[in-house]
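> Kindly generate the corresponding structure for this input.
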Amino acid sequence: MVLKRLLAVFGADGPTVDTVLPHPHTRPGDLLEGSVELTGGGSRTDIAEVALVLVVRTGDEEGEASDGAECTRVPVAAGVSLDAGEHLSIPFSHPVPWQAPITEAGGSPLPSVAAGLRTEVVVDGAADKGDLDRVHVHPLPVQERVLEAMVRLGAVFAGVRVEGGPPPGPVEEPAFLQTLVFHPAEQHAHEVGEVEVLFTADPAGVAVGFAFDRRTEGFSGDGSPSWFRAEHTDADSADWTRVVDGWIGQALYRRRGFSGHPGHEGEQEGGGVLGAVGGAALGVAGGLAAGYVAAEVVDEIGDALEGDEDEPEEAEEAEE
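Numbering: from 1, shown residues only. The predicted structure is shown next:
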């Protein structure tokens, strides 16, 4: 993908910058690799810095896209001088944070969230900020297995929320906390109206959080998520339907203790533990897409990201 633009700070005869991102599909913890192509204008140009910024944009319920929040900012060059007509290619490897919100799942874009890479050229202390080159952040294998298991258990995907700041979980580094919201499976619908799934990833694994009805007015229980841990190596060695069902059972048991709800006769604390179960990993391609609500928000955000006209309709697989 190439986005060519004139650097406005230099006027009509100034240099141009192209951002080349051959593989815009990625995962948390991976690298976005490409190059920044600078071409000199009609005269010599001095550039203080060239930086790449990974930006996350979210949409509100009316479909309005936000300006976006910086996820990472990586300088790729400093003190660059371009003669008239000179061409300079600057390769880059931009890290995708482990806590970057995912923008794709089940082979389709998630509603209300999008990401892009922006090239900034700094001259005399002022940054010329370009448009966003769309980036598709796919889930890590553990995240994907958890979401697939939610669908297998009968939960219906209802939307996405992305909040700034560190999450209330075991990882303290991330700039964002992403919540994937589900309508509960039938067996839990008598007890909760909404199930939230939260992820905080790191190089070793993923912490998975479950919370219930945190936005319900008057809820008297402890609304903080119940957290569980899975290593990346567990992705293909667990019966994820059983694991996630057990985690939800434990989280509900904890919630009843805080809220004073005794539950129902015969119910007990779930016992899904990765180290105690085995079996094949699950595959539910498109399962989330079937449960989308208000997915048209994606189009509103996508319109704000330049260079999407030539994107294929179906998302490619993330680079391994």
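> Tell me the secondary structure at residue 76.
When classified by DSSP: H, G, I helix; E, B strand; the rest coil, residue 76 comes out as strand.
> State the distance from it to residue 138.
The gap separating residue 76 from residue 138 is 24 Å, by CB to CB, to the nearest Å. In short, each C-beta sits where N, CA and C put it, glycine included.
> Those two - which one has more neighbours?
residue 138 (22 against 17; other CB atoms under 10 Å).
> my guess is the more buried one meets residue 27, correct?
Yes. With contacts counted by CB atoms under 8 Å, residue 138 reaches residue 27, the gap being 5.2 Å.
> List phi and psi for residue 143.
phi -60, psi -40 (degrees, to the nearest 10).
> repeat for the one 5 residues further on
According to degrees, to the nearest 10, the main-chain angles of residue 148 amount to phi -60, psi -40.
> correct me, but it touches residue 239?
No. Applying CB under 8 Å, one finds residue 148 not in contact with residue 239, separated by 11.9 Å.
> These two: who's more crowded?
residue 148 (23 against 18).
> tell me the pLDDT at that one?
On the pLDDT scale, residue 148 is placed at 95.
> so where do the helices sit in the stretch 151-300 of the chain?
240-259, 297-302 (DSSP state H, counting those that start in this stretch).
> rank those by pLDDT, which is bottom?
helix 297-302 - the lowest mean pLDDT of the helices of the stretch 151-300 of the chain, at a mean of 42.
> Please list all residues in contact with residue 115.
54, 55, 56, 57, 71, 100, 101, 103, 134, 135, 136, 137 (CB atoms under 8 Å, 6 or more residues apart in numbering).
> That one is in what secondary structure piece?
strand 113-123 (DSSP states H and E).
> Strand partners (parallel or antiparallel) of that strand?
The strands that strand 113-123 pairs with in its sheet are strand 45-58 (antiparallel), strand 126-137 (antiparallel) (by DSSP bridges).
> rank these by pLDDT, which is bottom?
For those, mean pLDDT drops lowest on strand 126-137, to a mean of 83.
> Now do the buried residues in it.
Within strand 126-137, the residues that count as buried by 16 or more other CB atoms under 10 Å are 128, 130, 132, 133, 134, 135, 136, 137.
> so where do the strands sit in the stretch 101-250 of the chain?
104-105, 108-109, 113-123, 126-137, 156-164, 176-183, 195-201, 205-212, 226-231 (DSSP state E, counting those that start in this stretch).
> Which one, of the ones you listed, ends up nearest to residue 18?
Across the strands of the stretch 101-250 of the chain, residue 18 has its closest neighbour in strand 113-123 (8.8 Å, CB to CB).
> what angle do that closest one and strand 176-183 make?
160 degrees (axes from the mean of the first three to the mean of the last three CA atoms, to 10 degrees).
> tell me the angle strand 113-123 makes with strand 156-164.
30 degrees.
> tell me which residues of strand 113-123 are tucked away?
113, 114, 115, 116, 117, 118, 119, 120, 121, 122, 123.
> Out of those, the closest to residue 202 would be?
Looking across the buried residues of strand 113-123 and measuring by CB to CB, the closest to residue 202 is residue 115, at 19.4 Å.
> circling back to that earlier point, may I see the strands paired with strand 113-123 organised as CSV, with distance to residue 191 added?
CSV is the format used below for those (distance: least, CB to CB, whole Å):
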stretch, distance to residue 191
strand 45-58, 29
strand 126-137, 33
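> and of these, who's closest to residue 195?
When the strands paired with strand 113-123 are compared (using CB to CB), the closest one is strand 45-58, at 20.4 Å.
> Can you point out the buried residues in that closest one?
45, 47, 49, 50, 51, 52, 53, 54, 55, 56, 57, 58.
> Can I get that strand in PDB? Just the C-alpha atoms.
Coordinates of each C-alpha in strand 45-58 appear next as PDB, following Å, rounded to 0.1, in the frame of the first residue of the first chain:
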ATOM      1  CA  THR A  45      15.100  20.600   2.100                       C
ATOM      2  CA  ASP A  46      16.100  20.000   5.700                       C
ATOM      3  CA  ILE A  47      13.900  17.700   7.800                       C
ATOM      4  CA  ALA A  48      14.500  17.400  11.500                       C
ATOM      5  CA  GLU A  49      12.700  14.000  12.000                       C
ATOM      6  CA  VAL A  50      10.600  11.400  10.300                       C
ATOM      7  CA  ALA A  51       8.400   9.300  12.700                       C
ATOM      8  CA  LEU A  52       5.700   6.700  12.400                       C
ATOM      9  CA  VAL A  53       2.700   6.700  14.700                       C
ATOM     10  CA  LEU A  54       0.300   3.800  15.200                       C
ATOM     11  CA  VAL A  55      -3.100   5.300  15.800                       C
ATOM     12  CA  VAL A  56      -6.300   3.700  17.100                       C
ATOM     13  CA  ARG A  57      -9.600   5.200  16.200                       C
ATOM     14  CA  THR A  58     -12.900   4.400  17.700                       C
END
